[in-house]
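coords please:
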Amino acid sequence: MPLSASISTRLRHQHESLREITGDLAEIALKQRVNPDKWSAFEHIAHLAAYQPAFISRLEKIATAPTPSFERYVAEKDPQFYACLDKPLAALWELISAQAAQINTILAQTNEAGLLRTGLHPKYGLLTVTQWTEFYLLHEAHHLFTLFMLTQDLRKARM
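Next up, the predicted model:
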């Protein structure tokens, strides 16, 4: 069975919410930590940009290896995360959009047998490509919700 309409639609459009959520705030404001012990809105955006290549790599491994096993993704252990932190916000928007399009293309070209291939998640066990995709989208949505809360706190502080 191909990807559901829900998954396909979110793959194409969910990331676009980033600009809608943060659009009126300057990059310097997004870099402010609302809670000193938690990531800033900008750090969440950088994390999403850094995580996309990790997800693409997982899709490629699942497509080519029999049931590969993956370690938990930890942003602080990913050099790509730090590279993204050094990019300007406009470059992150472009990167996220380009990588989202790449993910969408990979998955749109994956046949039904490919969608049923599996990879082992350290916490959630054996997941099909479809389940990995749902996990990816829910992870992104979690950060979008966190960004919504952080940006609302930043806007409130401006008043």
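
so where do the helices sit in the protein?
For the chain, the helices defined by DSSP state H occupy 5-13, 17-22, 27-30, 41-64, 79-85, 89-108, 112-115, 129-158.

I'd like the ones you listed laid out as CSV, including mean pLDDT.
Output for these, formatted as CSV (pLDDT from 0 to 100):
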stretch, mean pLDDT
helix 5-13, 96
helix 17-22, 95
helix 27-30, 96
helix 41-64, 98
helix 79-85, 98
helix 89-108, 97
helix 112-115, 96
helix 129-158, 96
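
which of these sits most buried?
When neighbours are counted by mean count of other C-beta atoms under 10 Å, the highest per-stretch mean among the helices of the chain falls to helix 41-64, a mean of 20. In short, each C-beta sits where N, CA and C put it, glycine included.

Alpha carbons only: can I get that one in PDB?
Backbone C-alpha positions of helix 41-64 (Å, rounded to 0.1, in the frame of the first residue of the first chain) are rendered in PDB as follows:
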ATOM      1  CA  ALA A  41      13.600  28.700  18.700                       C
ATOM      2  CA  PHE A  42      16.600  29.000  16.400                       C
ATOM      3  CA  GLU A  43      18.200  25.900  17.900                       C
ATOM      4  CA  HIS A  44      15.000  24.000  17.200                       C
ATOM      5  CA  ILE A  45      15.100  25.100  13.600                       C
ATOM      6  CA  ALA A  46      18.800  24.200  13.300                       C
ATOM      7  CA  HIS A  47      18.000  20.800  14.800                       C
ATOM      8  CA  LEU A  48      15.200  20.100  12.200                       C
ATOM      9  CA  ALA A  49      17.600  21.100   9.400                       C
ATOM     10  CA  ALA A  50      20.300  18.800  10.800                       C
ATOM     11  CA  TYR A  51      18.000  15.900  11.400                       C
ATOM     12  CA  GLN A  52      16.700  15.700   7.800                       C
ATOM     13  CA  PRO A  53      20.000  14.300   6.400                       C
ATOM     14  CA  ALA A  54      20.000  11.800   9.200                       C
ATOM     15  CA  PHE A  55      16.600  10.600   8.200                       C
ATOM     16  CA  ILE A  56      17.600  10.500   4.500                       C
ATOM     17  CA  SER A  57      20.600   8.400   5.500                       C
ATOM     18  CA  ARG A  58      18.300   6.000   7.400                       C
ATOM     19  CA  LEU A  59      16.000   5.700   4.400                       C
ATOM     20  CA  GLU A  60      18.900   4.900   2.200                       C
ATOM     21  CA  LYS A  61      20.300   2.200   4.600                       C
ATOM     22  CA  ILE A  62      16.900   0.600   5.000                       C
ATOM     23  CA  ALA A  63      16.600   0.500   1.200                       C
ATOM     24  CA  THR A  64      19.900  -1.200   0.700                       C
END
